[in-house]
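Q: Sequence and computational prediction follow.
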Amino acid sequence: MKRRTLITSIPIGLAATTFSLSYPSLMAAIAGEKHAEWGYNNSEHWGDLAQDYAACKIGNEQSPIDLRSAIKSELQPIEISYQNIPLRLINNGHTIQVNSNPGNYLILDQTKFELLQFHFHHPSEHTITGEKYPMEIHFVHKNEQGLLAVVGVFLKEGAENKILEPIWKAMPNHKSSEKIIKEVALSMTELLPTNSNSYRYFGSLTTPPCSEIVNWVVFQEPIEISSAQINQFRQIFPLNARPIQPLNRRFLLTSI
Ligand SMILES: [Zn+2]
């Protein structure tokens, strides 16, 4: 929890009504902000933690989902343009995240989305007909209107993943600020499967505030990661995956 600057004069009425709140909550309440702590051991209660998290509870287009009974359709292929980037790495307490540089983007249905970051989940968040993969990568992109396109890539146990090696080597065990390793040129395109068949659906962030602003593209073909690499991540994050959410009145599409 970030400490905020002390506000010395608190209106008496407000001080009295919020007396039972802890100091950081009180400060957040005064500033009109929500800094509710959330975790994977209380994911069913995220919607109750803060007003801003209401979509986690009442949203009808939540993620992740079980990928099954997809409607086959002629989807336009997505165009991904990634350059090699230096490693900007952070453990934000919920995942290991690699921050991108400007200039990496994808085009989805004629719309350009800039890559912001990618991060990891253990086990996978999406499932395929009920089955989980050991891990899942999310590449998070944003367009000019603030909508997101998130590309999901499953990781299955197999050969050591050499592209992930510099990330795994530098991975902070505890919550930390951004670590920059300039000498690494991370080849992100090699983290994408060669077969570009994907599932597509409209959903949400899989973490609070669970905003329903995400065009999901989940590749069908997984890439490989070794059991030692999975174990190393598991030591830090034994479980950082939100449970499956109902599809409700949405369409899940897949490439023909
Ligand atoms: Zn994610």
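A: Received, thanks. Residues are numbered from 1 along each chain as shown.

Q: what domains does the record give for the chain?
A: 12-43+47-53, 57-255 (automatic domain parsing).

Q: Any chance of those in CSV with mean neighbour count and mean pLDDT as columns?
A: (Glycine included, C-beta is placed from N, CA and C.) Listed next are those as CSV, based on neighbours: other CB atoms under 10 Å; pLDDT from 0 to 100:
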stretch, mean neighbour count, mean pLDDT
domain 12-43+47-53, 14, 64
domain 57-255, 17, 97
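
Q: Could you double-check that K112 sits in contact with N104?
A: No - between K112 and N104 there is no contact under CB atoms under 8 Å: 11.1 Å.

Q: List the residues that contact V217.
A: When contacts are counted by CB atoms under 8 Å, 6 or more residues apart in numbering, V217 touches I78, L108, A149, V150, V151, G152, S198, Y199, R200.

Q: Which of the helices or strands spans it?
A: strand 214-219 (DSSP states H and E).

Q: Which SSE is immediately downstream of that strand?
A: strand 223-225.

Q: Direction included, what does that next one pair up with?
A: Paired strands of strand 223-225, with direction, are strand 148-157 (parallel) (DSSP bridges).

Q: Output the partner strand as CSV - backbone C-alpha positions only.
A: Taking Å, rounded to 0.1, in the frame of the first residue of the first chain, the C-alpha atoms of strand 148-157 are listed here in CSV:
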residue,chain,number,x,y,z
LEU,A,148,-7.6,-3.1,-25.3
ALA,A,149,-6.6,-6.1,-27.4
VAL,A,150,-5.0,-8.8,-25.4
VAL,A,151,-3.3,-11.7,-27.1
GLY,A,152,-3.2,-14.9,-25.0
VAL,A,153,-0.5,-17.5,-25.6
PHE,A,154,-0.6,-20.9,-23.8
LEU,A,155,2.6,-22.4,-22.5
LYS,A,156,2.8,-26.2,-22.4
GLU,A,157,5.5,-28.2,-20.7
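
Q: Moving C-terminal from it, which element do we reach first?
A: As the chain continues past strand 148-157, the following element, by DSSP H and E, is helix 165-170.

Q: in its sheet, what does the next helix or strand after that following helix sit against?
A: Sequence-wise, the next helix or strand downstream of helix 165-170 (DSSP H and E) is strand 179-186. Here strand 179-186 has these sheet partners by DSSP bridges: strand 85-91 (antiparallel).

Q: contact partners of the partner strand?
A: 96-101, 104, 166-167, 170-186, 188, 236.

Q: ditto for stretch 110-122
A: With CB under 8 Å, 6+ apart, stretch 110-122 has contacts from 82, 95-100, 102, 104-107, 134-144, 147-149, 188, 191, 206, 215, 230, 233-234, 237-241.

Q: and these, which of them are in strands?
A: 96-99, 105-107, 135-142, 148-149, 215 (DSSP state E).

Q: Now do the contacts for L239.
A: Counting by CB under 8 Å, 6+ apart, L239 has contacts Y40, H122, P123.

Q: Looking at those residues, spot the one nearest G130.
A: P123 (12.7 Å; CB to CB).

Q: Surely S187 is in contact with N104?
A: No - applying CB under 8 Å, one finds S187 not in contact with N104, separated by 11.8 Å.

Q: List the contacts of stretch 47-65.
A: Under CB under 8 Å, 6+ apart, the answer for stretch 47-65 is 34, 36-38, 42, 46, 125-127, 201-206, 208-212, 214, 216, 241-242, 244-250, 252.

Q: No more questions from me, cheers.
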